[in-house]
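> Got a sequence here, can you build the structure:
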Amino acid sequence: MDKSKQPFRKSKRSFRRRFPPIESGDRIDYRNMSLISRFISEQGKILSRRVNRLTLKQQRLITIAIKQARILSLLPFLNNEKQFERNESIPRTTGPRTRNK
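Next up is the predicted model:
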């Protein structure tokens with residue numbers, strides 16, 4: 001049989017199964033800061049389900065746990081450390097302003 005007459009076949013790729021980010025023994029709770037901090041970006045935003053590779057139920061539980069931790073002041077609502085560093089480095093004049101002629 002010629003190659004041109006062979007039916008279309010998918011190429012066999014090697015597939016590496018990824019481990020789930022949440023183990024079966026991990027409890028999704030607002031007190032479990034080591035688990036919750038993995039699902040928050042550097043700015044303090046909740047990462048999407050596609051980025052986290054979570055199921056819908058796990059993402060909902062993570063979102064609720066993060067919001068509870070924020071309300072109880074265990075997590076900041078925003079992480080503005082870079083913004084504060086930038087504002088502190090700007091020199092400010094405290095004397096009276098003079099006009100240049």
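> Skipping its backbone neighbours, what lies nearest residue 52 in space?
Using Cβ to Cβ, 6 or more residues apart in numbering and skipping the chain neighbours, the partner closest in space to residue 52 is residue 39 (5.5 Å). The way it works is simple: take the backbone N, C-alpha and C, and place the C-beta from them, glycine included.
> okay, that neighbour: pLDDT?
Note on residue 39: pLDDT of 93.
> hang on, it packs against residue 65?
No: counting by Cβ atoms under 8 Å, residue 39 does not reach residue 65; the two are 9.0 Å apart.
> Next, show the common contact partners of the two.
Listed as contacting both residue 39 and residue 65 by Cβ atoms under 8 Å, 6 or more residues apart in numbering is no residue at all.
> Count the neighbours of residue 75 for me.
By other Cβ atoms under 10 Å, 19 other residues sit near residue 75.
> Repeat that for residue 54.
Neighbour number of residue 54 under other Cβ under 10 Å is 21.
> That one belongs to a strand?
No: with DSSP: H, G, I helix; E, B strand; the rest coil as the criterion, residue 54 is coil rather than part of a strand.
> need the contact list for it.
20-22, 39, 62.
> residue ranges for the helices of this protein, please.
33-36, 49-52, 56-71, 81-89 (DSSP state H).
> okay, the ones you listed, which one's buried deepest?
The highest average neighbour count among these, using mean count of other Cβ atoms under 10 Å, belongs to helix 56-71 at a mean of 16.
> ok, back up a step: residue 12 is nearest to which of the helices of the chain?
helix 49-52 (26.1 Å; Cβ to Cβ).
> if we can go back for a sec, what subset of the contacts of residue 54 is buried?
22, 39, 62 (16 or more other Cβ atoms under 10 Å).
> As CSV, these with distance to residue 77 would be great.
Putting the buried ones among the contacts of residue 54 into CSV (distance: Cβ to Cβ, whole Å) gives the following:
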residue, distance to residue 77
22, 24
39, 15
62, 16
